[in-house]
Every structure is written in structure tokens, then in C-alpha cells.
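Visitor: Kindly return the folded structure for what I paste below:
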Amino acid sequence: MSPADEDRRERAVAALRRAAFLLERAQASSYRCQAYRTAATVVEGTDAARLGSLVAAGSVTDLPSVGARTADVVARTWAGEPVRALVDLEEQAAAVDAARTDPGAVALHQALRGDLHAHSDASDGSTSVQEMVLAAMGLGREYLAVTDHSPRLRVANGLSAARLRAQVQQVRALAGAVAPFDVLTGIEVDVLDDGTLDQDPDLLDELDVVVASVHSKLRMDAPAMTRRLLRAVADPRTDVLGHCTGRQVTGRLRPPSQFDARAVFEACAEHGVAVEVNCRPDRLDPPHALLAVAVEVGCELSIDSDAHAPGQLDWTWTGCERVAAHGVPAERVITTWTAERVRARGRRGR
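Guide: You can find the predicted model right below:
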């Protein structure tokens, strides 16, 4: 195995992962995105000399889970040629970025330091914690909170207390390896029907970030939902109120939950709970009318991607545009703070 072949293999893996990232960012189908990520993993695990032989024979598709398109990326990268598919994706991404000219949104995006809501393949994300962290580093972030789901959300493979404890150890070890980038321990914990949080309270006390979100009985009547959210917000372990209305604005449409927004947001301001500005294109939560109420009553905000794949970490642009439309200064957005300040904030009252 020659160093040149090893270098070619590394470039091929990087090209496949970059294509996956750009596809995820552009909201391509999960199947298409995963095809590139799976191919990257297979290529990375293939002996470089063997890979060179397959390229020379035009037989890269002999590798498992490598199709014609991903094989073409490998072959062209190996030959030092432009990869047309990747060039097209880069041009499309550049055009989207060039259209983002709102000064307030640009300034806010530049001020972002981290992201407090992201998922890995430990629950319903598509990649490992390590890949999510590498993507966040590539975007120039300073930290990322790993917030996989809690046990009740079985459809999302929510983490039991034992699995979460194991992940906490993994995250802490990874944080030491990637310093000065910081990886925060966290959870997106379900708000149960009565407003309690779906995880061992002592374990929640150990985490850096607790995002509390409603995922069930979203059509609960408004008074009951208000009581449910008020109890969750009053829990000293709650740091961020996640996607507060639960609405879906694309795909399988879902109307927003009904509750007394002023009462809930006033409670957030009182208890120091940030209101999440969820950047997923299918959520865009809270709606502008509710976001205006949160701003009016003095809430801090958290612009979060709710990413389930590396490329989705770059969806924070949407949140910056939405927050900038309400004239919110960067200081009130906790994801512009340092990791140390976020940690200190999260441990208040615990």
C-alpha cells in the first residue's frame, strides 16, 4: 500500500462525505444522503491498494453499498478530476449563501458559537456523535450539545438511563480529544402528559443542557397544554423549551398545539428557560406571532438546528433570519454565548 494510494482514498472519502453534507443541507431525501455516507464508510474501510485496483478495472461497484454514482465520485477523485455532481452541489450551495444578504441575519449568524439541539444515531439521527462533531467544527462552531431523545419516545429509539450514562462518558472522552472544540452532554427530554420530564432527575442534574419538548398528545386542549408546559418550564433542570408548538409546516402537516403563549413565555423568562427557535424547515417553530410574544416578555432565545444529520447543522441560517426579523440582539441568543457560559447557565438552581 503506497502513501499515494492512501491519500487518494482519503480524498475519495472526503468527497463522498462532502456530497452527503451538501445533500443534507439542501433537504435531499434521506435515502440519497445516506447512500453517500454509507459509501464513504465502505471506501474508508477498504484497503487502499485494493481500491486502486478496483478503480483501474472500473469495478468500484463491486464494493458493497457502492453504486454507480458513488463509484464515479471515487474514480474521478482518484484520477484527480473534477466530480461533476459535487461541483453542482457546491455551486447550488454558494448560490443559496449569496442570496442571504439581510444585515441583521448575517451578523447574528456570524455571532453563533454553538448549537444546543442535535441528534446522533444513538436515537434517530443518521450518523455518529463523532461525525456530527466534525461537521460542527467544519462550520466554525465552538461547541455542540448532543441531545438524543429520552426513553418514552420509542419510535425514535430514545435512550434509557443506562444508555444515556454510557453516552455521557463517550461525549466527555470525545470532548477531550477534540479540544478546544467543546462537546456538551445533553438530552431532548420528553415532556410527559403531566409536565414532568421523561428521565431520571439525578441524571438530568449531571447534564450540561436539557431541552424539554412535547412529542405526544399535541392536540391536548389549551388549558391542559398550558399547565403541562408551565410545569416543565418550572422544573429547574429545564434549560431550553424545544419546538414549543410541535407544528409541521411541510410534508405530513400538523397544526400547532394550542396553549397560553404569554403565560408560558412569561414563565420561561421568570425561570431562565430559553425559548428555542427551531430551524428545521419542516418546523420553523415557534411561528412569528408567538416568537413576537417571547421577545416582548423578555425571553432568551436559543437558535438550534435540531439536526439529525451533519448537513442539517447548517440550517441555523433560517433561525437567524427569523430572529433578526424581530430585532433581537445577539446577547439574548444563548447560542452566541461561550460554552462555559452556557454550562454555568444550565446549572443554575440545580
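
Visitor: neighbours around Ala330, how many?
Guide: Counted with other CB atoms under 10 Å, residues neighbouring Ala330 total 19. Quick note: C-beta positions are derived from backbone N, CA and C, even for glycine.

Visitor: do the same with the one 3 residues further on
Guide: For Val333, the tally of surrounding residues (other CB under 10 Å) stands at 22.

Visitor: was I right about it contacting Cys299?
Guide: No. With contacts counted by CB atoms under 8 Å, Val333 stays clear of Cys299, the gap being 10.6 Å.

Visitor: Quick one: name whatever helix or strand follows the longest strand anywhere in the chain.
Guide: Criterion DSSP state E: the longest strand present in the chain is strand 182-190. Downstream of strand 182-190, the next assigned helix or strand under DSSP states H and E is helix 201-206.

Visitor: Within its sheet, name the partner strands of the next helix or strand after that following helix and how each one runs.
Guide: Toward the C-terminus, helix 201-206 is succeeded by strand 209-213 as the next helix or strand (DSSP H and E). Here strand 209-213 is paired, per DSSP bridges, with strand 182-190 (parallel), strand 240-241 (parallel).

Visitor: who touches the shortest one?
Guide: Right, strand 240-241. The contact list for strand 240-241 (CB atoms under 8 Å, 6 or more residues apart in numbering) reads 116-117, 209-213, 229, 232-233, 264, 268, 273-276, 302, 304.

Visitor: Redo the strands paired with strand 209-213 as CSV? Include distance to Gln199 and mean pLDDT.
Guide: Formatted as CSV, these follow (distance: least, CB to CB, whole Å; pLDDT from 0 to 100):
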stretch, distance to Gln199, mean pLDDT
strand 182-190, 5, 98
strand 240-241, 15, 98
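
Visitor: Serialize those to TSV and add fields for distance to Val87.
Guide: Output for the strands paired with strand 209-213, formatted as TSV (distance: least, CB to CB, whole Å):
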stretch	distance to Val87
strand 182-190	33
strand 240-241	39
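
Visitor: So which of the ones you listed is nearest Thr127?
Guide: For those, the distance to Thr127 is smallest for strand 182-190, at 14.4 Å, taking CB to CB.

Visitor: Point to the residue nearest the middle of the chain.
Guide: Ala307 (2.4 Å; CA atoms, centre = their mean).

Visitor: Please report the distance of it from Val191.
Guide: In this view, Ala307 and Val191 are 21 Å apart by CB to CB, to the nearest Å.

Visitor: cool, and Leu184?
Guide: Counting by CB to CB, the gap from Leu184 to Val191 is 21 Å.

Visitor: can you check Ala292 too?
Guide: Distance from Ala292 to Val191, counting by CB to CB: 23 Å.

Visitor: do Asp97 as well
Guide: Distance from Asp97 to Val191, by CB to CB: 36 Å.

Visitor: The two: which is more packed in?
Guide: A direct count of neighbours by other CB under 10 Å for Asp97 and Val191 places Val191 higher, at 26 against 11.

Visitor: for that one, what are its contacts?
Guide: By CB under 8 Å, 6+ apart, the contact list for Val191 reads Leu197, Asp198, Ala212, Ser213, Val214, Arg228, Leu229, Ala232.

Visitor: Please repeat the previous calculation with a cut-off of 6 Å.
Guide: Ala212, Val214, Ala232 (CB atoms under 6 Å, 6 or more residues apart in numbering).

Visitor: Fine by me, we can end here.
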